[in-house]
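> I need the structure of the sequence given here:
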Amino acid sequence: MLTTEDFMHFPLQMWEKVLSKAKKAVVFMDDKCAEALHWSGGAAALMEAGARNLKQFSSFEACGENEPKAVFVVSTLLKGRTVDIIKDIISLSHFQYCVVFTTVSHSVHLLANNVTAEMEGTPVFEQFEEKLCEWMGNMNYTAEVMHVPVVFAPVSQQLLLTPTFSHLFPLLQPDLESLNAKRSEKKRFGSLVDIDMHSLPAELQIEIKSLTSALNAMFEAASTREESFAVGPMSRIIAGELASHPQAKNRRKTAPNKASIIFVDRTMDLTGAVGHHGDNLAEKILTMLKRLPGHVTDVQVDMLELTSLQRTPNSQSTLAPGCLAHNQSPVAQSLWEAMLTSKSKEGLMEVRRQLVEAASKEKLPIKMSMGRVTPEQLCSYVQLFQSSWGALESYSGVLQLGLATAQMLRHPSLPRWDSCLAFERLLLQALGDSDFPTVLRQLLPLMKPREGERGPVSGSLEDECGPDELILLLIYLYSLANEAQSVAQNTETMEEELEKLERELIGALTLVITQETELSPLLQKLTGKRSCANPEELTTEQAHSSMEEMFETLRGLSYTREHLKQLRSIYIASDGVHQATYRPFLRQILEEVFHPERLECPDIEHMSGGLTDLLKTGFSMFMKVSRPHPADNPLLLLFLVGGVTPAELRLIKEIVSTHKPGMQVLVLSTRLLRPTDIPELLFTTRRLTPDIGV
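Coordinates of the predicted model:
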């Protein structure tokens, strides 16, 4: 019987192909492939396979005369900048044997080279092999070029991420306007729902085709015939591409296993992505700690507590950081699962229990303590391992997860999590009683410049909310805009009131940003000052222009669910007894899928049928025809286009265990989200011109 393990094993199978060529080679790898490897054994797997070294994929890297073999692993097309870097590295080295792995299939390379005819073999790869030999300086040297979809990262037992597509995000209203600007008036799209694959820029088409090619390879490896469903415009395009994939058609005729896959646009529910309601330990760790350089998901864990080094200003740069990925350790993996899918309190208790158990097994002098879990307590347990190298090595993963938890609990930004949650709850209540401009106006008093460095934490929300938190609250609110109480007044008047209020908010936010003592990473990206934390270089005009663009995008968030027939609301108003609550979009989808009466939801669109589905639609006018249902198959895959939060992983697990305990569910997504990821994806990602190495 088909299980989620069949799919979880796929990334390791693909990396085996790379590892088989790694013996005695220096491996050059780009950041996206390195992140995928990080969750599949990391650099240790390469070294165990016989690799001599692992280097960054950069024109500034090269090898010596005693290093004749190179392996390149890239997540891009073999075109443009990627080719230049490979050529630079080879020209500065003395290779006699080069192997190039690309995650982009040969058929997509043909498309990128404007070749539409079917061709035998892999001519693009063969031509590139010849170029490699030329650059090595001898046509008799060995060169190999092949496609291996090492795009999936097994982050947990129920989650596969795709670091290669971490910036793939559903289209928004400004994107619709950009597409329409290049079309004649008669051919302009009325809404995002009308956009089809062929109307997208070539670069984005290639990225979507690369993703569907990788998904097809995964289904092929598991001998699976999938039924595809979609919710949202971008998901519809991706599901349609998977359904029409040439190799997928052949596979579906013979594959013995069956699975359902539902693609869901993240933009259907941004309230859940930026909200602080997720009572989840992993979510707080991912939000508070700095990212590992070059990574989208994992974070840096300060390892100083495991050494006898004194804390100095330079101590962090002396010591390599720890991380959260420890797939080779079953104990650490089970602890990470608990942190990812349990409530915060349960996760904290499990971290403490695992540390106590590890110390007891190693016969370390541990002092038991009950009650609340504190960072001091966790650090005292970790420090016991300093004196025992064997114990430290055996429980390295658990110790790093314990330190990550302690560092999150000590983080100065942690109190702001509860402050944001409190204000989000106030906004939820207000939505049921007032129109949208009235609710939005409640953010104005928060938009005041902060004076100097932030002092001790107080209970005041005004003291707690900085520019980053204010932007999150704006996204939270605009995603709920259509849920606001409709007050009987002229729509035109309300529109004018909203425009006037937005101008006030833009001005207030501009003032807040320009008076910051230091620009946060988000503000640097929003204002175009990506390499500068100094606000003095930011002019008022630049900040004001950035805020205007931001509000233009925010406006579009109000309409993301407008095309839906049934799942249009993620809000339950107060009834006088119960408070108003947010109702996650994912919960609604899964409740529809697992409904005992197997009702057909018009918003979960079946995409795999093609001509057969059209025939069924015709026949259904005369006779009863059953359409495919997502719950028909024993395995359900949920693909969240644009990211999934740890809180949603827990939600999915709970709903499945309650409604359909026997169902196997696997979550796939482009990234594991922190609340602060959403502003970056909304306002700074170039969705219509992704960076895929063209």
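> residue ranges for the strands of the stretch 201-350 of the chain, please.
For the stretch 201-350 of the chain, the strands defined by DSSP state E, counting those that start in this stretch cover 224-231, 257-265.
> elements contacting the shortest one?
So the one you mean is strand 224-231. Counting by 3 or more CB pairs under 8 Å, 6 or more residues apart in numbering; DSSP states H and E, the packing neighbours recorded for strand 224-231 are helix 233-244, helix 246-254, strand 257-265, strand 605-606. Any C-beta I mention is one placed from the backbone N, CA and C, and that applies to glycine too.
> ok, and which of the strands of the stretch 201-350 of the chain has the densest surroundings?
Greatest average neighbour count among the strands of the stretch 201-350 of the chain goes to strand 224-231 (a mean of 24), per mean count of other CB atoms under 10 Å.
> returning to what we had before: so can I have JSON lines of the strands of the stretch 201-350 of the chain showing mean pLDDT and distance to residue 640?
Below are these laid out as JSON lines (pLDDT from 0 to 100; distance: least, CB to CB, whole Å):
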{"stretch": "strand 224-231", "mean pLDDT": "95", "distance to residue 640": "10"}
{"stretch": "strand 257-265", "mean pLDDT": "96", "distance to residue 640": "6"}
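> out of those strands, nearest to residue 420?
For the strands of the stretch 201-350 of the chain, proximity to residue 420 was assessed by CB to CB; strand 257-265 is nearest, at 24.3 Å.
> can you put the strands of the stretch 201-350 of the chain in CSV and add distance to residue 559?
Shown next, in CSV, are the strands of the stretch 201-350 of the chain (distance: least, CB to CB, whole Å):
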stretch, distance to residue 559
strand 224-231, 15
strand 257-265, 13
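> of all these, which one is nearest residue 156?
Closest to residue 156 of the strands of the stretch 201-350 of the chain is strand 257-265 (CB to CB; 18.5 Å).
> give me the helices and strands touching the lengthiest helix in the chain, please.
Assignment by DSSP state H gives helix 491-514 as the longest helix of the chain. Secondary-structure packing of helix 491-514 (3+ CB pairs under 8 Å, 6+ apart): helix 436-440, helix 467-478, helix 540-557.
> out of those, the one nearest residue 182 is which?
Among the helices and strands packed on helix 491-514, the nearest to residue 182 by CB to CB is helix 540-557 (18.3 Å).
> helices or strands next to that closest one in the packing?
helix 173-181, helix 467-478, helix 491-514, helix 521-527, helix 677-683.
> after it, which helix or strand is next?
Under the assignment DSSP states H and E, the closest C-terminal helix or strand after helix 540-557 is strand 571-572.
> give me the distance from that following strand to the chain's centre.
Here strand 571-572 is found 26 Å from its chain centre; the criterion is CA atoms, centre = their mean, to the nearest Å.
> which other residues reach that strand?
428, 431, 432, 480, 483, 578, 580, 581, 582, 583 (CB atoms under 8 Å, 6 or more residues apart in numbering).
> surely the last one meets residue 570?
By that I understand residue 583. Yes: taking contacts as CB atoms under 8 Å, residue 583 lies within contact range of residue 570: 5.2 Å.
> residues contacting residue 267?
By CB under 8 Å, 6+ apart, the contact set of residue 267 is 169, 170, 172, 232, 234, 557, 560, 642.
> out of the residues you listed, which is nearest to residue 111?
Here the nearest of the contacts of residue 267 to residue 111, counting by CB to CB, is residue 234; it sits at 19.2 Å.
> quick one: which of the strands of the stretch 201-350 of the chain is nearest residue 600?
Of all the strands of the stretch 201-350 of the chain, strand 224-231 sits nearest to residue 600, with 11.2 Å by CB to CB.
> now for stretch 253-268, what's the gap between its first and last residues?
End-to-end distance for stretch 253-268: 33 Å, by CA to CA, to the nearest Å.
> can you give me the offset of it from its chain's centre?
18 Å.
> begin at 34 from now on, thanks
OK, 34 is where the count begins now, so the last one is stretch 286-301.
> about what we covered before: let me have the helices and strands packed on helix 573-590 in JSON lines, extended by mean neighbour count and mean pLDDT.
Formatted as JSON lines, these follow (neighbours: other CB atoms under 10 Å; pLDDT from 0 to 100):
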{"stretch": "helix 206-214", "mean neighbour count": "16", "mean pLDDT": "91"}
{"stretch": "helix 500-511", "mean neighbour count": "22", "mean pLDDT": "94"}
{"stretch": "helix 524-547", "mean neighbour count": "16", "mean pLDDT": "90"}
{"stretch": "helix 554-560", "mean neighbour count": "20", "mean pLDDT": "88"}
{"stretch": "helix 710-716", "mean neighbour count": "22", "mean pLDDT": "92"}
